[in-house]
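>>> how does the following fold in three dimensions:
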Amino acid sequence: MTRPDEIETLLEREAIRDLVSSYCYRIAAGDVEPVLELFTEDCVVEILGELHRGHDGLRALYADSFAVEPKPFAHNHLVERVDAEHARGRAVFEIRQVRDGVPETTVGRYDDEYVKSGGSWKFRTRTFAFY
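Got it, this is the predicted structure:
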């Protein structure tokens, strides 16, 4: 790999890490439309075996989730670039929220597929694997 290729790979990894960080900040803000901008139109999100497809599916999922005011944190993010427009990644998550006045913390792992679309990286799939 040449030096310019190495630099390009690092820049792409950082862009994907920014995508994951942006997701956490946008979820914490509690507004679903900015969250949807991070996903492809044909995205699939899996939580506890249930599939949520496309922006309409995610809109319903996150609208319900925002009732507990989730604050997600992503850690230990690994990114594997497949090619110039596709990558995979996984990150440990910690979600702090309040349900019925009681604080709770949920932990697990995000398993993601990313695609580069219109010059920016987006989530194509996201699976929540709870610990």
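>>> and residue 9, how many neighbours?
When neighbours are counted by other C-beta atoms under 10 Å, residue 9 registers 13. No exception for glycine: its C-beta is placed from N, CA and C like everyone else's.
>>> mind checking the pLDDT average for the longest strand along the chain?
The strand that spans the most residues within the chain, counting by DSSP state E, is strand 102-117. Across strand 102-117, pLDDT averages out at 97.
>>> other SSEs contacting that strand?
Helices and strands touching strand 102-117, by 3 or more C-beta pairs under 8 Å, 6 or more residues apart in numbering; DSSP states H and E, are helix 3-29, strand 86-99, strand 120-130.
>>> rerun at 6 Å
Judged by 3 or more C-beta pairs under 6 Å, 6 or more residues apart in numbering; DSSP states H and E, the packing partners of strand 102-117 are strand 86-99, strand 120-130.
>>> I'd like the ones you listed laid out as CSV, including mean pLDDT.
Output for the helices and strands packed on strand 102-117, formatted as CSV (pLDDT from 0 to 100):
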stretch, mean pLDDT
strand 86-99, 97
strand 120-130, 98
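>>> so which of those gets nearest residue 51?
Ranking the helices and strands packed on strand 102-117 by proximity to residue 51 (C-beta to C-beta) places strand 120-130 first, at 9.6 Å.
>>> direction included, what does that closest one pair up with?
strand 39-47 (parallel), strand 102-117 (antiparallel) (DSSP bridges).
>>> for residue 58, find the nearest of these.
strand 39-47 (6.0 Å).
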